[in-house]
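# Provided below are the primary sequence and the corresponding predicted coordinates.
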Amino acid sequence: MTTTQVPGYVFDNEHADAAEQHRCLAGAYDAFTTRRLSRLPLAPGSVCLEVGAGGGSVARWLAERVAPGGSVLATDVKPQHTPPTPGVDVLTHDITCDPLPEGAFDVIHARLVLLHLPERIDVLRRLVPALKPGGWLQLDEFDETTYGPLIPLGASGDAAAEAYRRYLGAKLRLLESAGVDLAWGRSAATAMHRAGLVGIDAEPEVQQWRAHSPGTALQVHNTRHLRDRFLAAGMTEEQLEEAGAAMSHPDFLASSCLMYSTQGQRPGGEAAVAAGQGASR
């Protein structure tokens, strides 16, 4: 396996704030991700692949459900934030070019990975044959074109709303310039169908964000983690501070973008087990 970095990837695991990024993502989205995974036929002895494992929280959750006898392979380009734990093997792996075993996995999961990859369709086509016949793929991906507006409450009013909108606009521009497909979440179901998966199911989630919501904490964190990129894109230090203050204000209220969790099954094997009837413990 090679040790390469995805070109243009915005959130570098070697950044000083990377560990906090993973904690914020887990706090904001693990409940939705694991609720969806619970619909799949996870059982003792199942073999799972977690692509772009980040902080490893989903890989650990999977390992608990496939024990005893099962295993989880957690991969990342830079996996230093994914500690090996019982039932979880960690591998340095670039999903865009490094090989995957064919027909090896009962469940493959990736969250917020393919939207960052210009090669996302090719990656999807590589993931499908890595599933066992009858195995399931779950992709959890944003549609970042769907953020709801801030309601300008309190003393900060319209100025806070403008600071938040400016931040969102700058973030989306820098993501797009790095090769992110901002609307990938709503395209994933069609792409999975075209890649040969069946039984496609897509569920969107939208969150209400207040000052201390996990999703808001993720956005405030981004003003620090991506500070250099924001400044290079034309934002000022003052504007970043204003955005952070707006999102930290007790009156902050906005809606998240949509997160789509899309599941599909590789045809073949024994009779398909419908999602929703899978084992969960």
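Here it is on my side, so go on. Residues are numbered from 1 along each chain as shown.
# quick one: pLDDT of the residue lying closest to His221 once chain neighbours are set aside?
The shortest distance from His221 to any non-neighbouring residue, by Cβ to Cβ, 6 or more residues apart in numbering, is to Cys24 (5.1 Å). Yep, even glycine has a C-beta here, placed from its N, CA and C like the rest. pLDDT for Cys24: 93.
# so which elements touch the helix or strand encompassing Cys24?
Per DSSP states H and E, Cys24 falls inside helix 18-37. Contacts defined by 3 or more Cβ pairs under 8 Å, 6 or more residues apart in numbering; DSSP states H and E place helix 18-37 against helix 57-66, strand 105-111, strand 131-143, helix 214-225, strand 258-265.
# hey, least reliable of these by pLDDT?
Among the helices and strands packed on helix 18-37, helix 214-225 scores lowest, at a mean of 93.
# what residue ranges in this protein score low on pLDDT?
1-9, 12-17, 151-156, 269-281 (pLDDT under 70).
# try 80 this time
Across the chain, the ranges flagged by pLDDT under 80 are 1-18, 149-157, 269-281.
# how about the strands in it?
47-51, 71-76, 88-92, 105-111, 131-143, 198-205, 208-210, 253-255, 258-265 (DSSP state E).
# tilt between the second one and strand 88-92?
Right, strand 71-76. Angle of strand 71-76 versus strand 88-92, following axes from the mean of the first three to the mean of the last three Cα atoms, to 10 degrees, is 30 degrees.
# let's number from 43 now, not from 1
Understood, numbering begins at 43; the last thing we discussed is strand 113-118.
# okay, the angle between strand 113-118 and strand 147-153?
Angle between the axes of strand 113-118 and strand 147-153 is 30 degrees (criterion: the same axes, to 10 degrees).
# now do the longest one
On the basis of the same axes, to 10 degrees, strand 173-185 is oriented at 10 degrees to strand 147-153.
# chain center to strand 173-185: distance?
Mean-position distance between strand 173-185 and its chain equals 12 Å (Cα atoms, centre = their mean, to the nearest Å).
# one more: the second one?
Using Cα atoms, centre = their mean, the mean C-alpha position of strand 113-118 is found 15 Å from that of the whole chain.
# just the first one next, same as before
Taking Cα atoms, centre = their mean, the mean C-alpha location of strand 89-93 is offset from the chain mean by 14 Å.
# that strand packs against which elements?
Applying 3+ Cβ pairs under 8 Å, 6+ apart, we find strand 89-93 packed against helix 99-108, strand 113-118, strand 147-153.
# partner strands of that strand and their direction?
Paired neighbours of strand 89-93 in the sheet (DSSP bridges): strand 113-118 (parallel), strand 147-153 (parallel).
# quick one: that strand to helix 99-108, angle?
Using the same axes, to 10 degrees, the inter-axis angle of strand 89-93 relative to helix 99-108 is 170 degrees.
# likewise for the fourth one?
Here strand 147-153 points in a direction 160 degrees away from that of helix 99-108 (the same axes, to 10 degrees).
# could you find the closest non-adjacent residue to Arg215?
Counting by Cβ to Cβ, 6+ apart, the residue nearest Arg215 is Ala275, at 6.2 Å.
# in this structure that neighbour contacts Glu218, no?
No: Ala275 lies out of contact with Glu218 (Cβ atoms under 8 Å); the separation is 10.8 Å.
# buried ones in stretch 268-276?
Leu268, Arg271, Phe272 (16 or more other Cβ atoms under 10 Å).
# can you put these in CSV and add distance to Arg236?
CSV is the format used below for the buried residues of stretch 268-276 (distance: Cβ to Cβ, whole Å):
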residue, distance to Arg236
Leu268, 32
Arg271, 33
Phe272, 36
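# between the residues you listed, which is nearest Gly227?
In terms of Cβ to Cβ, no member of those lies closer to Gly227 than Leu268, at 20.0 Å.
# just the CA coordinates for stretch 261-268, please, in CSV.
Below are the C-alpha coordinates for stretch 261-268, written out as CSV (Å, rounded to 0.1, in the frame of the first residue of the first chain):
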residue,chain,number,x,y,z
GLN,A,261,-18.4,25.3,11.9
VAL,A,262,-16.7,27.4,14.5
HIS,A,263,-13.8,24.9,14.4
ASN,A,264,-13.6,25.4,10.7
THR,A,265,-12.8,29.1,11.1
ARG,A,266,-9.7,27.9,12.9
HIS,A,267,-8.8,24.8,11.0
LEU,A,268,-9.2,26.5,7.6
